[in-house]
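[1] give me a model of this one.
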Amino acid sequence: MNIPARYEQRELHALDQEKCKQLVEESLKKLPWKEIGYLKDAYDYKTFGSMLTYGERIRIYVGKTEILVISECLFPAQFIDFGKNKKNVKSFFDIFEQAKAN
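    The predicted structure is shown next:
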């Protein structure tokens, strides 16, 4: 359970930035998230709600040397996330690492 209802994590990727973006896109296709759109510098996705939350917004920024993933609750007044944001970030990095290894 996190207060505020947000979690972010940075990871170094040691890849060419375009190759990294390609792997991010492949990874996102394997997750049950819906694309909201593409921000100037980020992939913008959301999860579907559950009994505990209204869903989360996930933004993924791909830099030259690192990836930043931010997950936060869609409902602004929600201040407890029941661990969902951390789980979203971990799910992304788990799938990304698998894609990177292949």
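
[2] sheet partners, orientation included, of the worst-scoring helix or strand of the chain on mean pLDDT?
    When the helices and strands of the chain are scored by mean pLDDT, DSSP states H and E, strand 34-38 comes last with a mean of 86. Strand 34-38 has the following strand partners under DSSP bridges: strand 42-46 (antiparallel).

[3] the strand it pairs with - what's its average pLDDT?
    Across strand 42-46, pLDDT averages out at 96.

[4] what sits up against the least confident helix or strand of the chain?
    28, 43, 44, 45, 46, 47, 48, 57 (C-beta atoms under 8 Å, 6 or more residues apart in numbering). C-beta coordinates here come from the backbone N, C-alpha and C atoms, glycine included.

[5] how about stretch 58-74?
    By C-beta under 8 Å, 6+ apart, the list of residues contacting stretch 58-74 reads 4-14, 17, 20-21, 24, 28, 33, 39, 41-47, 49, 53-57, 81, 84-86, 88-89, 92-93, 96.

[6] in strands, which of those residues fall?
    6-12, 42-46, 56-57 (DSSP state E).

[7] low-confidence ranges, the protein, go.
    The chain contains residues with pLDDT under 70 at 1-4, 52.

[8] specify the angle between the longest helix along the chain and strand 6-12 in degrees.
    Using DSSP state H, we find that the single longest helix of the chain is helix 84-101. Put simply, helix 84-101 runs at 20 degrees to strand 6-12, going by axes from the mean of the first three to the mean of the last three C-alpha atoms, to 10 degrees.

[9] residue 61 belongs to a helix, doesn't it?
    No: looking at residue 61 with DSSP: H, G, I helix; E, B strand; the rest coil, it is strand, so not inside a helix.

[10] hey, C-alpha coordinates of the least confident helix or strand of the chain in PDB?
    Output in PDB follows, covering the C-alpha atoms of strand 34-38 (Å, rounded to 0.1, in the frame of the first residue of the first chain):
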ATOM      1  CA  LYS A  34      -5.000   0.300 -23.000                       C
ATOM      2  CA  GLU A  35      -3.100   3.000 -24.900                       C
ATOM      3  CA  ILE A  36      -4.300   6.500 -24.000                       C
ATOM      4  CA  GLY A  37      -2.000   8.200 -26.500                       C
ATOM      5  CA  TYR A  38       1.600   9.200 -27.100                       C
END
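
[11] done for today, thanks.
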